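Asks: Structure here, sequence nowhere to be found:
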């Protein structure tokens, strides 16, 4: 009686053990975490391309390709670049080795194909460089039966040629060397509203040029504020007409990228001159003062139809060496504040 009761009680544990062994056997030896915009290929498509490059899906335990059944873990994040292309950050771990690589491509499909190639090379470079082995046929087809038409090949992701790929087996866990990030150029014009540099809001005309290097953007801008009149509070008929002409250089880092939009944080320095001409007095004079203002801003770039884009930005600037403008026998007309704000909208073209 005691033996008969223990036999059926062990059956569920045996089923569970068999299920665990079956699931482990079906587990893919390459684990891929793929984050990309909705318009990009899926992670499953990338993993399918990896299997194709390896000549078929590798066994779950690694077979002869990985010693001790080690698994390759890959984490990929694809973002939309400011120049309309795509950027990829790919990290891999296999055994005790780890590597990281950044890639760029004009299309997400090409970037997904390159990611599949990098993952396949990290897993088994010999299988990729040699290509899948052809399966020999049993013999020529019977003359009585015409050969069946060949099936259309399934679409695969575009990948770079692998004939020139060289991977040292001793350093297989490391990723291949990173290619230089492509450069991008852009130019734009826009209109900003400056609040604080003068007594009230003042329009500012802006033009800029842009250099794009991966996630970094370098801007060189020229700003011009047309003549603005500022009157002396005690004598409204007297005052000065002020203009601002300045150039700025800033560096921006991409914060977030979507399919058709990119946000960035920027820091820079504006250098120029404020000019003033008095009015309402018997002897009006002209005066000039150096304008130096560190800047910080956030901007949003919306891609319309390549190469056209729209840029919105908002930020603050802190003028240094704030010299007051004074009318003789009247008093102070204007003194730059310690902090000013500026927001703008413009159109941009990417080359």
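Replies: That came in fine, so what should we check first? Quick caveat, the model's predicted, so the values are computed rather than measured.
Asks: make it CA atoms for all contacts and neighbour counts henceforth
Replies: OK.
Asks: first to last residue in stretch 208-218, what's the distance?
Replies: 10 Å (C-alpha to C-alpha, to the nearest Å).
Asks: got the buried residues for it?
Replies: Residues 208, 209, 210, 211, 212, 213, 214, 215, 217, 218 are the ones in stretch 208-218 that count as buried (16 or more other C-alpha atoms under 10 Å).
Asks: now swap in stretch 333-344 and tell me
Replies: So for stretch 333-344, counting by 16+ other C-alpha under 10 Å, buried means 333, 334, 336, 337, 340, 341, 342, 343, 344.
Asks: Give me the lowest-pLDDT entry from the buried residues of stretch 208-218.
Replies: In terms of pLDDT, the lowest of these is residue 214, showing 76.
Asks: Do a quick rundown of the strands in the stretch 201-350 of the chain.
Replies: For the stretch 201-350 of the chain, the strands defined by DSSP state E, counting those that start in this stretch cover 202-213, 216-232, 235-257, 261-279, 286-303, 308-317, 325-327, 331-334, 340-350.
Asks: List the buried residues for the second one?
Replies: The neighbour-count criterion (16+ other C-alpha under 10 Å) identifies 217-225, 227-232 as the buried residues of strand 216-232.
Asks: May I see the strands of the stretch 201-350 of the chain organised as CSV, with distance to residue 58 added?
Replies: Formatted as CSV, the strands of the stretch 201-350 of the chain follow (distance: least, C-alpha to C-alpha, whole Å):
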stretch, distance to residue 58
strand 202-213, 37
strand 216-232, 39
strand 235-257, 34
strand 261-279, 38
strand 286-303, 41
strand 308-317, 45
strand 325-327, 77
strand 331-334, 75
strand 340-350, 43
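Asks: closest to residue 106 among the buried residues of stretch 208-218?
Replies: If you rank the buried residues of stretch 208-218 by distance to residue 106 using C-alpha to C-alpha, residue 214 comes first, at 12.1 Å.
Asks: Kindly provide the distance from the closest one to residue 336.
Replies: From residue 214 over to residue 336 the distance is 37 Å, taken as C-alpha to C-alpha.
Asks: now swap in residue 90 and tell me
Replies: 48 Å.
Asks: One more: residue 244?
Replies: Counting by C-alpha to C-alpha, the gap from residue 244 to residue 336 is 12 Å.
Asks: Quick check: which of the strands of the stretch 201-350 of the chain is nearest to residue 109?
Replies: In terms of C-alpha to C-alpha, the element of the strands of the stretch 201-350 of the chain nearest to residue 109 is strand 235-257, at 17.2 Å.
Asks: Which elements pack onto the closest one?
Replies: strand 72-80, strand 216-232, strand 261-279 (3 or more C-alpha pairs under 8 Å, 6 or more residues apart in numbering; DSSP states H and E).
Asks: If we use 6 Å, what do you get?
Replies: The helices and strands touching strand 235-257, judged by 3 or more C-alpha pairs under 6 Å, 6 or more residues apart in numbering; DSSP states H and E, are strand 216-232, strand 261-279.
Asks: Neighbouring strands - and their directions - for the last one?
Replies: Here strand 261-279 is paired, per DSSP bridges, with strand 235-257 (antiparallel), strand 286-303 (antiparallel).
Asks: picking up where we left off before, which among the buried residues of strand 216-232 gets closest to residue 322?
Replies: Closest to residue 322, out of all of the buried residues of strand 216-232 and judged by C-alpha to C-alpha, is residue 230, at 16.6 Å.
Asks: From one end of stretch 276-287 to the other, what's the distance?
Replies: End-to-end distance for stretch 276-287: 5 Å, by C-alpha to C-alpha.
Asks: got a list of contacts for it?
Replies: For stretch 276-287, the external contacting residues (C-alpha atoms under 6 Å, 6 or more residues apart in numbering) are 237, 238, 239, 240, 241, 242, 275.
Asks: Would you mind checking those for buried ones?
Replies: 238, 239, 240, 241, 242, 275.
Asks: so what's the third one up against?
Replies: If you count contacts by C-alpha under 6 Å, 6+ apart, residue 240 has them with 229, 230, 276, 277, 278, 279.
Asks: for the first one, same thing?
Replies: With contacts defined as C-alpha under 6 Å, 6+ apart, residue 238 is in contact with 231, 232, 279, 280.
Asks: for the helices and strands packed on strand 235-257, which one sits closest to residue 80?
Replies: Minimum separation from residue 80 across the helices and strands packed on strand 235-257 (C-alpha to C-alpha) falls at strand 261-279, 7.3 Å.
Asks: buried residues in the closest one?
Replies: So, applying 16+ other C-alpha under 10 Å, buried residues of strand 261-279: 261-272, 274-279.
Asks: Report the inter-axis angle for it versus strand 72-80.
Replies: Strand 261-279 runs at 40 degrees relative to strand 72-80, counting by axes from the mean of the first three to the mean of the last three C-alpha atoms, to 10 degrees.
Asks: is residue 249 in a bridge, and if so with what?
Replies: Judged by DSSP bridges, the bridge partners of residue 249 are residue 220, residue 269.
Asks: pretty sure it contacts residue 222?
Replies: No - with contacts counted by C-alpha atoms under 6 Å, residue 249 stays clear of residue 222, the gap being 9.1 Å.
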